[in-house]
Structure formats: C-alpha cells, structure tokens
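Visitor: Pasting the sequence and the predicted model now:
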Amino acid sequence: MIFALGGILESIDKAQLTEERSAVFLADSPHMREAMELAGIVYEGEISLSDVGFCKLEAQQECLAGSFCIPQFLDVLGRRYRILFFINRKHIVIIDDADFSARLILRIRRRMVRQGQTRENFLYNFITQFMNRDLEMLGQYERRIMELEEEVTGGRTQGFQSKIVPIRRELLTLRGYYDEMMDLGKQLEENENGFFSKK
C-alpha cells in the first residue's frame with residue numbers, strides 16, 4: 001500500500017493503515033515528520049534534502065536511512081534529484097520535494113502487478129525504475145564517442161579536445177554515482193538490521 005502526504009499522490013486513510021501489513025509513505029519536506037511518525041520510524045539525526053550530496057545508506061538501531069542523489073538525464077554535471085528514504089521492520093518513508101519519486105511510483109503501479117507485496121520488491125522496483133533510463137543515456141555516450149572516433153580516423157581533429165573533455169567529465173561524474181549505488185546495493189544486501197527476508 002502506498003500513501004502520500006502533502007497531496008503528492010493520494011490522501012491517507014489512517015484506518016486503512018492499521019489493516020495493512022506494510023506501507024510506503026511518500027512525503028515532501030514539510031510533511032516528513034508526520035510521515036515518519038505514522039510509519040513509526042525513529043531517526044537519530046538531522047533530516048534535510050538540501051544536504052543530500054551522495055547515494056548512501058546508514059544503518060541505525062531502529063531504521064535504515066538512505067539517500068539518492070541522481071544525476072538528471074539532460075544535465076549530468078548540474079542538477080540532481082535528491083531523495084531521502086527510511087526503512088524500518090514494517091514501512092518505507094520516501095522524502096522528495098520534486099515529483100520524481102511520485103512519477104517512479106506511478107510507473108511501478110502501472111507496470112508491475114506485484115509492485116508492492118513486500119518492502120524488498122518495492123525498493124527493488126523503485127531503484128530499477130530510475131536506473132533503467134541509464135542504459136539509454138550510456139548508449140548516447142557511446143554514439144557520441146564513436147562519432148568522435150570517426151572524425152579523428154578521417155583526419156578531422158580540429159576541436160577534438162573541446163568535444164571530448166565535457167564527455168570525459170560527465171562520464172567521471174557518472175562513474176562516481178555508479179560506485180555510490182554499488183556500495184548502497186551491497187549494504188542493502190548485507191541486511192545488517194535483518195529488516196529484509198533472506199530470499
């Protein structure tokens with residue numbers, strides 16, 4: 001079951017919450033404390049989307065706290081989608097001031113029949129939704145580099161440096177992002193708090 005605070009997706013029915021075995025809460029910054037309280041998540045630390053600069057996961061005694069700092073498709077060196085998420089034994093809370101997470105969740109709901117049966121399924125589908133676009137993006141880099149190779153092979157080297165340097169910077173930025181995501185994935189897999197089923 002997915003609930004939203006702040007009018008992002010739908011309104012909360014608190015009676016329904018008590019009947020559900022687990023739920024995903026989607027909230028913006030002004031409603032994050034309410035979402036955390038409804039989910040029964042206690043986090044020891046400051047919560048601020050503006051401080052999100054990395055993809056990371058932190059295990060606390062009562063919850064897992066993580067962040068996604070996702071490069072935007074058309075502006076890899078610039079703006080990023082900043083998302084916080086919190087997981088306890090029963091619920092997931094996602095904090096996002098943009099509509100990025102809401103769009104991902106709507107896609108999951110439309111495409112996946114078993115989208116939210118478990119927290120594990122939901123989290124996997126959520127990450128998969130924003131990483132699926134990366135294959136297309138990496139394909140575009142491959143085409144741009146092949147075009148540059150053809151120009152150089154054909155003896156057209158003028159302006160090569162000015163064309164390759166931005167591509168290199170973007171790819172280095174993406175490499176850092178993918179390293180962070182790999183570390184986050186390994187930490188989730190370690191299941192330090194035992195919040196996820198082994199299978």
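Guide: Here it is on my side, so go on.

Visitor: State the mean pLDDT of the one helix or strand E170 maps to.
Guide: Element membership of E170 [criterion: DSSP states H and E] is helix 160-190. On average, the pLDDT along helix 160-190 is 94.

Visitor: what's that helix packed up against?
Guide: If contacts are counted by 3 or more Cβ pairs under 8 Å, 6 or more residues apart in numbering; DSSP states H and E, helix 160-190 sits against strand 56-59, strand 64-72, strand 75-87, helix 119-153. Where C-beta positions appear, they are placed from N, C-alpha and C, glycine not excepted.

Visitor: most centrally placed residue in this structure?
Guide: Centroid-nearest residue in the chain: F68, 4.6 Å away (criterion: Cα atoms, centre = their mean).

Visitor: circling back: now tabulate the helices and strands packed on helix 160-190 in TSV and tack on distance to L174 and mean pLDDT.
Guide: Shown next, in TSV, are the helices and strands packed on helix 160-190 (distance: least, Cβ to Cβ, whole Å; pLDDT from 0 to 100):
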stretch	distance to L174	mean pLDDT
strand 56-59	17	94
strand 64-72	7	95
strand 75-87	6	93
helix 119-153	8	90
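
Visitor: Next, format these as JSON lines and append distance to L38.
Guide: Below are the helices and strands packed on helix 160-190 laid out as JSON lines (distance: least, Cβ to Cβ, whole Å):
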{"stretch": "strand 56-59", "distance to L38": "21"}
{"stretch": "strand 64-72", "distance to L38": "17"}
{"stretch": "strand 75-87", "distance to L38": "12"}
{"stretch": "helix 119-153", "distance to L38": "16"}
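
Visitor: closest to I94 out of those?
Guide: Using Cβ to Cβ as the measure, strand 75-87 is the one of those that comes nearest I94, at 5.0 Å.

Visitor: Sheet partners, orientation included, of the next helix or strand after the closest one?
Guide: For strand 75-87, the following helix or strand on the C-terminal side (DSSP H and E) is strand 91-95. Partners of strand 91-95 in the sheet, by DSSP bridges, are strand 23-27 (parallel), strand 75-87 (antiparallel).

Visitor: orientation of strand 91-95 relative to strand 64-72 in degrees?
Guide: If you take axes from the mean of the first three to the mean of the last three Cα atoms, to 10 degrees, strand 91-95 sits at 40 degrees to strand 64-72.

Visitor: Need the contact partners of stretch 149-162.
Guide: L148 (Cβ atoms under 8 Å, 6 or more residues apart in numbering).

Visitor: Please identify the buried residues of that stretch?
Guide: Using 16 or more other Cβ atoms under 10 Å as the burial criterion, none of the residues of stretch 149-162 qualify.

Visitor: How far does it stretch from one end to the other?
Guide: 14 Å (Cα to Cα, to the nearest Å).

Visitor: Centre of the chain to it, how far?
Guide: 37 Å (Cα atoms, centre = their mean, to the nearest Å).
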